[in-house]
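Asker: When you get a sec, could you give me coordinates for this:
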Amino acid sequence: MSLASVFNIAGTGMSAQTTRLNTTASNIANAESVSSSIDKTYRARHPVFSTMFQQAQGEQGSLFADTEQAGSGVQVLGVIEDQSPLVPRYEPNHPAADANGYVYYPNVNVVEEMADMISASRAFQSNAEMMNTAKQMMQKVLTLGQ
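Answerer: Numbering: from 1, shown residues only. So this is what the prediction gives:
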């Protein structure tokens with residue numbers, strides 16, 4: 001694994017965290033949207049991540065020699081809807097109430113979403129800092145011959 005691959009790995013991490021931030025923002029934006037039907041109510045969405053591997057190509061003495069695989073980043077497999085139950089509330093005077101007087105709220109917990117947003121933001125910052133550190137290391141290597 002070369003130092004240059006650090007940029008690709010950190011880039012995929014930043015891209016994945018951007019997806020996570022976008023889905024969290026969507027969940028928070030729709031936290032108070034209501035519907036008169038369970039089928040039409042917004043459901044919280046969550047991204048699914050997966051590690052990408054590359055085959056180590058004849059790197060003798062490498063850290064990855066035993067496993068023959070080196071991590072090459074993260075990918076977003078997709079965004080899934082949360083299947084936890086929706087929140088029905090009895091509000092017969094609400095304009096969106098069904099025939100029984102119930103309004104259905106999304107299964108979004110704003111506190112959990114805010115914690116997830118902070119976590120995604122910090123992970124994004126960590127990847128950006130890793131890229132910056134790798135850049136500084138490469139600049140120092142270039143000045144060694146002077």
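
Asker: For this structure, which segments are assigned as strands?
Answerer: 45-55, 69-81, 87-90, 102-105 (DSSP state E).

Asker: ok, and the closest non-adjacent residue to the most centrally placed residue in the chain?
Answerer: Note on the chain: the residue nearest the mean C-alpha position is Arg20, at 2.8 Å, using Cα atoms, centre = their mean. Spatial nearest neighbour of Arg20, excluding adjacent residues (Cβ to Cβ, 6 or more residues apart in numbering): Ala120 at 4.2 Å. Using the backbone N, CA and C atoms, a C-beta is placed for each residue, glycine as well.

Asker: ok, now Thr24?
Answerer: Thr24's closest residue in space is Met117 (Cβ to Cβ, 6+ apart), at 4.7 Å.

Asker: The one you found contacts Asn22, correct?
Answerer: No. Using Cβ atoms under 8 Å, Met117 makes no contact with Asn22, being 10.4 Å away.

Asker: neighbour-wise, which of the two wins?
Answerer: Taking other Cβ atoms under 10 Å, Met117 and Asn22 do not tie; Met117 has more neighbours (17 against 14).
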